[in-house]
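Trainee: Dropping a prediction and its sequence here:
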Amino acid sequence: VQLVESGRGLVQPGGSLRLSCAASGFTFSSYTMGWARQVSGKGVEWVSGIWSDGRTYYADFVKGRFTISRDNAKNMAYLQMNSLKPEDTAVYFCVTGHRVAGLNDYDYWGQGTLVTVSS
């Protein structure tokens, strides 16, 4: 299983950024995809998830600002981040798992990509 994130960058508060995750080595359409993040000095947080049937989950701190999506034909997952805040600064990880009810159920993690929100 391989998960490769892209889209790292520096963005001003209020700006937007899209993260992409290229997946391989498993039956993508059958797996839950998600995004987690780690703020420097803090624990990992589950940001968002999208199940194989299209159901989605968003943490309260990103609801209304972030949108998760997937393209099963391309084995890709995305996280569109709008109205970014300085507190969104973190390393973002693409994650996947077969039976997911929470963050601990994700079996595979990407290497992470740094998002910095600063003026």
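Mentor: Right, received. Where do you want to start?

Trainee: how close does the spatially most central residue of the chain sit to Ser119?
Mentor: By CA atoms, centre = their mean, the mean C-alpha position of the chain lies nearest to Trp35, the distance being 2.3 Å. Trp35 sits 24 Å away from Ser119, going by CB to CB, to the nearest Å. For the C-beta atoms, the positions are set from N, CA and C on the backbone; glycine is no exception.

Trainee: now swap in Tyr92 and tell me
Mentor: Per CB to CB, Tyr92 is found 20 Å from Ser119.

Trainee: Mind checking which of those two has more residues around it?
Mentor: With neighbours defined as other CB atoms under 10 Å, Tyr92 and Ser119 compare such that Tyr92 has more, 24 against 8.

Trainee: Would you enumerate the residues in contact with the closest residue to that one other than its chain neighbours?
Mentor: Spatial nearest neighbour of Tyr92, excluding adjacent residues (CB to CB, 6 or more residues apart in numbering): Arg37 at 4.8 Å. Listed by CB atoms under 8 Å, 6 or more residues apart in numbering, the contact partners of Arg37 are 44-45, 47, 88, 90-93, 115.

Trainee: which helices and strands does the lowest-mean-pLDDT helix or strand in the chain pack with?
Mentor: Using mean pLDDT, DSSP states H and E, strand 9-11 stands out as the lowest-scoring helix or strand of the chain, at a mean of 91. When contacts are defined as 3 or more CB pairs under 8 Å, 6 or more residues apart in numbering; DSSP states H and E, strand 9-11 packs onto strand 113-117.
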